[in-house]
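A.B. asks: My questions are about this predicted structure, shown below with the sequence.
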2 protein chains.
Amino acid sequence: MATANIKEVARHAGVSLGTVSNVLNRPDTVAPATRQRVLDAISTLGYVRNDSARQLRAGHSRTVAIVVLDVANPFFTDVVRGAEQVVEEAGAMLVVCNSGEDSARERRHLELLEEQRVRGVLITPVGHGPQPNLDKLIDRGIPVVLVDRGTGRANRCSVAVDDVLGGRLAMDHLLDQGHHRIAYLGGPLSIAQVADRHAGAAAALEERDSGAELRVAVTTSLTVAAGRRAAEELLTLPARQRPTAVFCANDLIALGVLQELTARGLRVPADVAIVGYDDIEFADAAAVPLSSVRQPRDQLGRTAAQLLLEEAEPGDAHRHRHVVFQPELVVRRSSDHPRRTRR
Amino acid sequence: MATANIKEVARHAGVSLGTVSNVLNRPDTVAPATRQRVLDAISTLGYVRNDSARQLRAGHSRTVAIVVLDVANPFFTDVVRGAEQVVEEAGAMLVVCNSGEDSARERRHLELLEEQRVRGVLITPVGHGPQPNLDKLIDRGIPVVLVDRGTGRANRCSVAVDDVLGGRLAMDHLLDQGHHRIAYLGGPLSIAQVADRHAGAAAALEERDSGAELRVAVTTSLTVAAGRRAAEELLTLPARQRPTAVFCANDLIALGVLQELTARGLRVPADVAIVGYDDIEFADAAAVPLSSVRQPRDQLGRTAAQLLLEEAEPGDAHRHRHVVFQPELVVRRSSDHPRRTRR
DNA sequence: CTGGCTGGATGAAACGTTTTAGCCGCTATA
DNA sequence: TATAGCGGCTAAAACGTTTCATCCAGCCAG
């Protein structure tokens, strides 16, 4: 029950306490025979290091935390997996905290993490405002890396994906396929991602000067149901005004659109092409496999973790960096149907 | 940078170190005036408790760990959310570890958690064999609760969902709807859940003595693609032998079946009824909303956490319990179509 | 033979808490 | 008046590491 400590191991092996510690931390500095005696003692006593004591001495822990908005969101789970990989390779441990978009919980987590003297924190903060809690952490010397939020702060690193570019990629693709009437579906626009993706699409359209038009339909949420409703609404338009392609702010909306259109007898992509965003697992598994803009999610996590570990490295003078990843368009059947360009 | 400690706070407030500790831990035992002085000192110095020291003294931490097979699996994310809620209410912290079905990583995690003297571990172990690592933890006095695995061990609590009952529910429902030719799709059978759900379905069929028949089609995995292939195969049967209902070992398979059948011009549920398992988020959002057997996932997590905390409670003599939850059938359109009973 | 060096071990300090025993001055009780 | 009790506080020990200054024996160079 009462776990053996280093002192008992020392007594058992007939050496001093410091020697045991050396076996544990710098095995090459102790003579082979002694080392073996100590190792034997450790295994017969079932000794397990006490991390609290170790941390207390060291002044900081060997764990890194990641605070996400929602553990159940596939975006974050992939980011977590990426970060995990890097952190574990470095011999540290990643703990996952869930703020659930609740800033009180976020604050509580950060307080606890601070008490634990974690090595650093990867976080997608709730909201977009200033972050006094994070500044406090940074003041204390705990590195913070922002994930997919607020690029550009001077006192911390960040990683993000270029959503404007994502919108651009989708739009360029649809224009390449010869579409002239295109709709952007997504909302609310207060979500930065939704707005950025639209901005990218609009910019691409502008630049091409193709005479194509982009109609925006703002949805109230980013769900399958919202997609269905939006599609329903599109269907009220006379066929000649109806978009021949829709670009959706995320895949859930896109799937909703796909379902509704199919149910109403329209063919995808022949009658209407669809491009989604996120490339969730189901995109490929949809009735008509969905074209989608893919974000390098695990790489986001990996890079964030790397930046953090680099900053946490002692001596090294660290310069904050802001890494922006480029999304990638995955073309599948839902948009793979060139139109004869009229006009 | 160098964070203030309790001693500095004491000096700053002109009291002894012990008094500061009392303010922190038993505020009512210290006179209001003194207390205020201490609190002021704490806030002006920006003092933050050092959890390592606290833990070292206490002999154990205030964190609970959950080790899951896959952080990205919706089943586990829901379990995590449930556990999180309970653990946080108890003022502790939940750390999520991901074994990724890799027993080496699982072992590594358990070692680290042991070093950290965590309060307890919720775990779905990799594989079904004996668990020496877990036994070691338990020997050390660290409570372990099994989640969805290996019910019935004597030295630990467990929570699980009755998969046999789940199979039974699905089957009873389909029989109630008047189906006579029914297929069970899922695999590999080496997965306990797949086997149990089938066992339940078979038992239900047996008991009803309805003359209905259950055809089993074993798939190689539990994916949408596997579902599609399985459906394709069913379609090779002459119509008179073709099942009028399929019960799938999970929703992914069910969605694949739904897609393939629809693509081949069969109507769901009119021609073929479908029941899935897990009630994933997409079940409701499918082209034809999918009937499915729902597991109380967050409750699984909540209960597991409760059992753990109860066991970790000191004085209290704890008796290990094995809680089995009952799944629930959610009927949606995919199976909502009674048949005229022939014969 | 001496002095310096080296590999290998030791002892003690330090990390920051919590807790326990005890002290002090005061009041209520016998 | 002595005593017990109590509220409020202090001093010191203890938790288990890591690290650092020492120490010792043996060895080599001079």
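C.D. replies: Thanks, I have the structure now. Numbering: from 1, shown residues only, chains lettered A, B, ... in the order given.

A.B. asks: Tally up the residues packed near residue A:159, please.
C.D. replies: Residues lying near residue A:159 (other CB atoms under 10 Å in any protein chain shown) number 28. Quick note: C-beta positions are derived from backbone N, CA and C, even for glycine.

A.B. asks: That one sits in which helix or strand?
C.D. replies: strand A:157-161 (DSSP states H and E).

A.B. asks: Please list all residues in contact with the residue most central in space within chain A.
C.D. replies: In chain A, the centroid-proximal residue (CA atoms, centre = their mean) is residue A:79; its distance is 3.8 Å. Taking CB atoms under 8 Å, 6 or more residues apart in numbering or on different chains, we find residue A:79 in contact with A:66, A:68, A:147, A:148, A:297, A:298, A:300, A:301, A:304.

A.B. asks: Which of the helices or strands spans the first one?
C.D. replies: When secondary structure is defined using DSSP H and E, the element that contains residue A:66 is strand A:63-68.

A.B. asks: what does that strand rub up against?
C.D. replies: Strand A:63-68 is contacted by residues A:76, A:79-80, A:83, A:87, A:92-99, A:106, A:109-110, A:113, A:116, A:118-125, A:147, A:301, A:305, A:308-309, A:312 when judged by CB under 8 Å, 6+ apart.

A.B. asks: hmm, try it at 7 Å
C.D. replies: The set of residues external to strand A:63-68 that reach it, using CB atoms under 7 Å, 6 or more residues apart in numbering or on different chains, is A:76, A:80, A:83, A:87, A:92-99, A:106, A:109, A:113, A:118-124, A:305, A:308.

A.B. asks: same question, stretch A:259-268
C.D. replies: In contact with stretch A:259-268 (CB under 7 Å, 6+ apart) are residues A:228, A:231, A:232, A:235, A:258, A:272, A:274, A:287, A:288, A:334, B:287.

A.B. asks: from the residues you listed, which would you call buried?
C.D. replies: Neighbour-count burial (16 or more other CB atoms under 10 Å in any protein chain shown) applied to the contacts of stretch A:259-268 gives A:228, A:231, A:258, A:272, A:274, A:287, A:288, A:334, B:287.

A.B. asks: and the residues you listed as TSV, adding secondary structure, pLDDT and distance to residue B:28?
C.D. replies: Below are the buried ones among the contacts of stretch A:259-268 laid out as TSV (DSSP: H, G, I helix; E, B strand; the rest coil; pLDDT from 0 to 100; distance: CB to CB, whole Å):
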residue	secondary structure	pLDDT	distance to residue B:28
A:228	helix	96	58
A:231	helix	97	62
A:258	helix	96	62
A:272	coil	97	68
A:274	strand	98	63
A:287	coil	89	64
A:288	coil	93	66
A:334	helix	98	65
B:287	coil	89	62
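
A.B. asks: Identify, from the residues you listed, the entry nearest to DNA strand C.
C.D. replies: Closest approach between the buried ones among the contacts of stretch A:259-268 and DNA strand C, by CB to the nearest atom of the strand: residue A:228, at 54.1 Å.

A.B. asks: related to what we said a few turns ago, out of the contacts of residue A:79, who's nearest residue A:57?
C.D. replies: Of all the contacts of residue A:79, residue A:57 sits closest to residue A:66, with 25.7 Å by CB to CB.

A.B. asks: May I have the beta-bridge partners of that closest one?
C.D. replies: As for beta bridges, residue A:66 partners with residue A:96, residue A:122 under DSSP bridges.

A.B. asks: ok, and the most crowded of the contacts of residue A:79?
C.D. replies: When neighbours are counted by other CB under 10 Å, residue A:304 leads the contacts of residue A:79 with 30 neighbours.

A.B. asks: any idea how far chain B is from that one?
C.D. replies: From residue A:304 across to chain B, the span is 16 Å (CB to the nearest CB, to the nearest Å).

A.B. asks: got the angle between the host helix or strand of that residue and strand A:157-161?
C.D. replies: In the assignment (DSSP H and E), residue A:304 maps to helix A:297-312. Calculated by axes from the mean of the first three to the mean of the last three CA atoms, to 10 degrees, helix A:297-312 forms an angle of 170 degrees with strand A:157-161.

A.B. asks: what does the helix or strand just after helix A:297-312 contact?
C.D. replies: Next in sequence after helix A:297-312, counting helices and strands by DSSP H and E, comes strand A:322-325. Outside strand A:322-325, the residues within contact range by CB under 7 Å, 6+ apart are A:151, A:152, A:157, A:158, A:159, A:160, A:161, A:162, A:296, A:299, A:300, A:303.

A.B. asks: ok, and the closest non-adjacent residue to the last one?
C.D. replies: When you say that, I think you mean residue A:303. Spatially, and ignoring its direct neighbours in sequence, residue A:303 is nearest to residue A:159 (5.1 Å; CB to CB, 6 or more residues apart in numbering or on different chains).

A.B. asks: doesn't residue A:305 make contact with that neighbour?
C.D. replies: No: if you go by CB atoms under 7 Å, residue A:159 and residue A:305 don't touch, sitting 9.5 Å apart.

A.B. asks: what's the helix or strand for the residue of the stretch 51-200 of chain A found nearest DNA strand D?
C.D. replies: Per CB to the nearest atom of the strand, residue A:53 is where the stretch 51-200 of chain A lies closest to DNA strand D, at 3.3 Å. Element membership for residue A:53, per DSSP H and E: helix A:51-58.

A.B. asks: quick one on the thing from earlier: what is the mean pLDDT for the host helix or strand of the residue nearest to the centre of chain A?
C.D. replies: Per DSSP H and E, residue A:79 falls inside helix A:74-89. Across helix A:74-89, pLDDT averages out at 95.

A.B. asks: got the angle for that helix vs strand A:157-161?
C.D. replies: Using the same axes, to 10 degrees: helix A:74-89 against strand A:157-161 is 140 degrees.

A.B. asks: what sits against residue A:240?
C.D. replies: With CB under 7 Å, 6+ apart as the criterion, no residue contacts residue A:240.

A.B. asks: Over to it. Which of the three states is it?
C.D. replies: With DSSP: H, G, I helix; E, B strand; the rest coil as the basis, residue A:240 sits in coil.

A.B. asks: Quickly note the distance from it to residue A:181.
C.D. replies: Distance, residue A:240 to residue A:181, by CB to CB, to the nearest Å: 9 Å.

A.B. asks: Same check on residue A:38?
C.D. replies: Taking CB to CB, one finds residue A:38 at 77 Å from residue A:181.

A.B. asks: Which residue of those two possesses the greater neighbour count?
C.D. replies: The neighbour comparison of residue A:38 against residue A:181 (other CB under 10 Å) goes to residue A:38, with 25 against 17.

A.B. asks: Settle this for me: the more buried one is touching residue A:14, isn't it.
C.D. replies: No: the pair residue A:38 and residue A:14 does not pass the contact test of CB under 7 Å, sitting 9.4 Å apart.

A.B. asks: tell me the domain ranges of chain A?
C.D. replies: Structural domains assigned to chain A are A:6-49, A:59-162+A:297-326, A:163-295+A:330-335, following automatic domain parsing.

A.B. asks: Adding distance to DNA strand D, write these out as CSV.
C.D. replies: CSV is the format used below for those (distance: least, CB to the nearest atom of the strand, whole Å):
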stretch, distance to DNA strand D
domain A:6-49, 3
domain A:59-162+A:297-326, 10
domain A:163-295+A:330-335, 40
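
A.B. asks: Next, format these as JSON lines and append distance to residue B:319.
C.D. replies: Putting those into JSON lines (distance: least, CB to CB, whole Å) gives the following:
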{"stretch": "domain A:6-49", "distance to residue B:319": "26"}
{"stretch": "domain A:59-162+A:297-326", "distance to residue B:319": "31"}
{"stretch": "domain A:163-295+A:330-335", "distance to residue B:319": "42"}
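
A.B. asks: Out of these, which is closest to residue B:49?
C.D. replies: domain A:59-162+A:297-326 (4.9 Å).

A.B. asks: ok, and does that closest one reach over to DNA strand C?
C.D. replies: Yes: against DNA strand C, domain A:59-162+A:297-326 shows contacts by CB under 7 Å from any atom of the strand at residue A:59.

A.B. asks: where does the stretch 51-200 of chain A have low pLDDT?
C.D. replies: Along the stretch 51-200 of chain A, segments meeting pLDDT under 70 span A:152.
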